[in-house]
Every structure is written in C-alpha cells, then in structure tokens.
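A.B. asks: Sequence and predicted structure are below.
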Amino acid sequence: MSALPLTSRAACGDAKTALREPCVLLKLGEIVLKGKNRQQFERLLHDNIRRAVHGLGIRVQIWQREGVIVLRLADGQTGQAAEAAADLLAGRMRNVMGLSRVCRAVRVAKDPEAAAAAAVELTAGRHGTFAVRARRRDKRFGVNSSQLATLIGARIQRAHGYPVNLSHPDVTVYVEVDQSEVFVFTEGLPGQGGLPVGMSGRALVLMSGGIDSPVAAYRMMRRGLRCGFLHFSGMPLTGPESVYKAYGLARELDKFQAGSRLFVVAFGRAQQRLATSGAGRLQIVAQRRLMLKTGEALARRLHAAALVTGDSLGQVSSQTLANITALDDAVKLPILRPLIGLDKTEIMAEARRIATLQISELPDQDCCSLLTPRQVETRARIEDLRRIEARLDADDLAEELAAAAQEHSPARS
Ligand code: ATP
Ligand code: MG
C-alpha cells in the first residue's frame, strides 16, 4: 500500500485533509437521456429539489456535476448537526421525481487517505461481503481508479474484516474523484425515478376519496406532470367527510411535487338536477360526464392540458369500454387513465407504498353513492347522454360549478 503515490495528499495540506462534509449525491433517472434539452430539465429538477427542502430550515447548495447532483449544506457545515441535516435532506430527496438513486455521501479532500478514512467510517456496522468501485472525473488525480479501489479495499478489510466479493458484493463503496474533492458513498436508496414534475406540463386530477385516483395522480406526477386536484363532494346532501379525505390525500401526494392546489366542488345539487332530468340508469355516467366537463372548465383556468382519472377497465360498471367511450365524448381535453390496465390488488399495493391507502380507507359518503340507480347502464349511448345534458344546459352548469370551486392549499411547506 505504501508504494502507492500519494502526491495529491501533500498538495492538499492538513487543513484540507480534515475536510469531511456530509452531503447527498443524487443520481439522475431518465433525464440523462434528454439530449439538448437537458440543461432546461436539470434546472427544473434543481427547482423541485429546492421546493422539496423548503420549510426544513436548512440552507442548501446544489451543484450539477456530470450525471449527478450534489446537494450540500450551504457553507459546507460539518459535525453531528450537519450529519442529521443531511439525513433529513436525503429523506426528502427520495420523493423527488426524476432521481433514480439517493446516496448519503461524504465529501472529503482530494486525497486517497482521506477517501480511505471516510470509506472505513461509512462501512462500519455493515454485514457481508463488499467491493469498492472507484472512478475519476478528474483524470489528473495522482492515483488511478484501480489503485484507489485497491487501497481503500485493503483499509476497509483491515478495519472491519469483511470479505471482498467483486461480482456480487453485499455492500458497494463508491469513490468518485471530482475536480476539487472526492465523494465517498455506499449504494444508497432508490429514488422515485420518472421525470421531474413540471417537465411534461400540467394536468388536473379528478380525485375522489377512493383508492384509485391518488395512485393515478402519483403515476402522472412521476411522468412529469404538475397536478392540481379536483374533488366533488355530495354536499349539501352529504356531510364534509369526503372533503377531509381529499384534503388528506392531496397533502400526502404533495410530498411528490410541493405547492399542490386542491379544488372542491359541492356537487349534490347538480346530481339532483341530473336525476330530475330523467337520467335514470344513466345517472352515474351522466354525473361522471358532468365532472369531466367541470374539470375541463377549471383546467382552462389553470392552464392544465389534460385531465387524469383513476379509471381501470371493467373495475366497476361505469368503467366498461362503452361507458369510457361515452366519457371521452364529454370533453375535448385528453383524459389520461394511467391505471386502465391494472388490477385492484396492484393499485392497492401502490397506494400502500405511497401512503395514500390508509386515508382512502377512512369511511365517508362518496357523492357517487347518492342517487344511485338500481341498475347501472353498462352500455351508455352518447345520444341519450347528450339529450339529458341538453335539458339542463350541462356546459353552462359545468362553467358555474368550476367558477364556484373552493380552493385549498394542502401543501406541506
Ligand atoms: P376511485 O377509487 O378513484 O374513487 P373508483 O374505482 O371508485 O375510483 P369510480 O367511482 O367509478 O371508480 O370513479 C372513477 C374515477 O372518476 C375516479 O378514479 C376519479 O378520477 C373520478 N371520480 C369519481 N368520483 C369522484 C369525485 N367524487 N371527485 C372527483 N373525481 C371523482
Ligand atoms: Mg370512487
């Protein structure tokens, strides 16, 4: 080991060698594929990262490096409080769309010994086999990648006694030599993947208090859509319970985008009007069309370019192919249905993972349970629906409902 050239150590001096700064390294997901628009996407991602940590009271600095983002505590703080702050930042980053991995890292002086010391510390208390992977973004570093990996591997083995396994290690230590420092980290934790929120534009999610629509919202945020939420309550014919649920759901989903907006429409009277217009077996589909029309009117005000629903083909009688076709006819905006091909069990597993399930399972009186016909039409005919709508000027009604929507801010920070 002592045969390795340690020239850069001498160049760094003692003060720099003492550098041991906690930080978070963020690996980019699909964003890396985006060619010449990449800079714009990176800026969006940086904005989203700032939004996600806003309210933590931690000042941060974001550095864009080749293929990775370095999230630092401003002024390069060190010590126990800084370690805890970096942990908190890493936790928040796990919900930021567009990041494939989140790695708590240490930033040390550009010196092999400093990197080895950090690696030894980072791997304390781990189990099983390990490997070291080193790379240099700065090729002028005095030690080449394999020498560096060998040096650090030997130090870890001496300190902890873990066996080396280069093909299937339990723990991988990454060492990345950059322009003016070295980053040392283990494999970290998976991020959300997907694309940065906002990269694909805006959408309005029709969100009931149920299980499906929050999952649909999550999926579309993950594909880069900034989502607003629109909830229809049965008020004044029902209590406000479903509104509380929608609020709770939007708040939970806000961790993925920050700055969420929730709009609530009291839909009970409009449902009554549909019933008295003779909707009969078409009541449910007619209600859903009116929801979509209201959504479209609101989307125009919000500059949202699509509606999102939690429909899944055939899951309930209003979701037959014929009925879905009749729903599409109600509006010009595209209706995105990310759950169309999923089973309920798959949707529930995802709802559990993103922590919306426990809110969706709270009891409420959904507006759709009001005025339910004894038999629901499974093959709605578009002409019949249009005839019902003509009797109550559905488009005007939708405009009025959208204008009367109450806005809430379920954002966390
Ligand atoms: P969910 O679990 O999302 O309520 P669901 O399986 O109960 O869905 P439906 O009740 O037929 O199915 O609703 C289908 C979709 O219509 C929902 O996913 C949602 O996008 C929209 N929707 C239904 N009810 C409401 C509501 N009260 N407010 C807003 N959107 C609604
Ligand atoms: Mg529902």
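C.D. replies: Looks like it arrived, so ask away. Ligands and ions are numbered 1, 2, ... in the order given.
A.B. asks: mind listing what the residue most central in space within the chain touches?
C.D. replies: Centroid-nearest residue in the chain: Phe256, 3.7 Å away (criterion: CA atoms, centre = their mean). Contacts for Phe256 (CB atoms under 8 Å, 6 or more residues apart in numbering) come out as 95-97, 192, 197, 218, 221-222, 354. C-beta coordinates here come from the backbone N, C-alpha and C atoms, glycine included.
A.B. asks: 7 Å instead, please
C.D. replies: Contact analysis of Phe256 by CB atoms under 7 Å, 6 or more residues apart in numbering lists 95, 97, 197, 218, 221.
A.B. asks: In PyMOL, how would I select the buried members of those residues?
C.D. replies: In PyMOL, a selection of the buried entries from the contacts of Phe256 looks like this (16 or more other CB atoms under 10 Å):
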select buried, resi 95+97+197+218+221
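A.B. asks: got a pLDDT number for the residue nearest to the centre of the chain?
C.D. replies: According to the per-residue confidence, Phe256 scores 97 in pLDDT.
A.B. asks: Same check on His127?
C.D. replies: Turning to His127, the model gives it a pLDDT of 89.
A.B. asks: picking up where we left off before, same list (the contacts of Phe256) but as CSV, adding pLDDT.
C.D. replies: Putting these into CSV (pLDDT from 0 to 100) gives the following:
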residue, pLDDT
Asn95, 97
Met97, 97
Val197, 96
Tyr218, 98
Met221, 98
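A.B. asks: which one of the contacts of Phe256 sits closest to ligand 1?
C.D. replies: Distance to ligand 1 across those (CB to the nearest ligand atom) is lowest for Tyr218, with 11.9 Å.
A.B. asks: how close does that closest one sit to Pro196?
C.D. replies: For Tyr218, the distance to Pro196 equals 15 Å [CB to CB, to the nearest Å].
A.B. asks: related to what we said a few turns ago, quick check: phi and psi on the residue nearest to the centre of the chain?
C.D. replies: The phi and psi values for Phe256, taken as degrees, to the nearest 10, are phi -90, psi -10.
A.B. asks: cool, and Ala403?
C.D. replies: Ala403 adopts backbone torsions of phi -70, psi -30, taken as degrees, to the nearest 10.
A.B. asks: Compute the number of surrounding residues for it.
C.D. replies: Per other CB atoms under 10 Å, the neighbour tally for Ala403 reads 12.
A.B. asks: residues touching the residue of the stretch 101-250 of the chain found nearest ligand 2, list them.
C.D. replies: When scored by CB to the ion, the stretch 101-250 of the chain has Gly210 as its residue closest to ligand 2, at 3.4 Å. By CB under 7 Å, 6+ apart, the contact set of Gly210 is 310, 360, 366.
A.B. asks: Please apply the same query to Val308.
C.D. replies: Contacts of Val308 were listed using CB under 7 Å, 6+ apart, and they are 203, 205-206, 216-217, 220, 227, 336.
A.B. asks: Swap in 10 Å and give it another go.
C.D. replies: Val308 makes contact with 203-207, 213, 216-217, 219-221, 225, 227-230, 295, 334-339, according to CB atoms under 10 Å, 6 or more residues apart in numbering.
A.B. asks: now do Tyr162
C.D. replies: Listed by CB under 10 Å, 6+ apart, the contact set of Tyr162 reads 123, 126-131, 153, 156, 169-171.
A.B. asks: Let me know the secondary structure of it.
C.D. replies: Assigned with DSSP: H, G, I helix; E, B strand; the rest coil, Tyr162 falls in the coil class.
A.B. asks: Next, it: phi, psi?
C.D. replies: Given degrees, to the nearest 10, the pair of backbone angles that Tyr162 has is phi -70, psi 140.
A.B. asks: repeat for Arg379
C.D. replies: Main-chain dihedrals, Arg379, degrees, to the nearest 10: phi -130, psi 70.
A.B. asks: what does Gly201 give?
C.D. replies: Dihedral pair for Gly201: phi 100, psi -150, per degrees, to the nearest 10.
A.B. asks: I'd say it and Met221 touch.
C.D. replies: No - look at Gly201 against Met221 with CB atoms under 10 Å: they stay out of range, at 11.8 Å.
A.B. asks: Now do the SS call for Val96.
C.D. replies: Three-state assignment for Val96 (three-state DSSP): coil.
A.B. asks: For it, give me its contacts.
C.D. replies: 26, 45, 48-49, 51-53, 69, 102, 191-192, 194, 196-197, 255-258.
A.B. asks: make it 7 Å
C.D. replies: Listed by CB under 7 Å, 6+ apart, the contact set of Val96 reads 48-49, 52, 191-192.
A.B. asks: separation between the residue nearest to the centre of the chain and Val53?
C.D. replies: In this view, Phe256 and Val53 are 14 Å apart by CB to CB.
A.B. asks: Between which two of the contacts of Tyr162 is the distance greatest?
C.D. replies: Farthest-apart pair in the contacts of Tyr162 is His127 and Gly153; separation 16.9 Å (CB to CB).
A.B. asks: Looking at these two, which has the bigger crowd around it?
C.D. replies: More neighbours surround Gly153 than the other of His127 and Gly153, with 20 against 9 (other CB under 10 Å).
A.B. asks: Report the contact partners of the residue nearest to His160 when sequence neighbours are not counted.
C.D. replies: Nearest residue to His160, sequence neighbours excluded (CB to CB, 6 or more residues apart in numbering): Thr123, at 6.1 Å. Going by CB under 7 Å, 6+ apart, Thr123 touches 130, 156, 160, 171, 173.
A.B. asks: Local confidence estimate at Thr123?
C.D. replies: 92.
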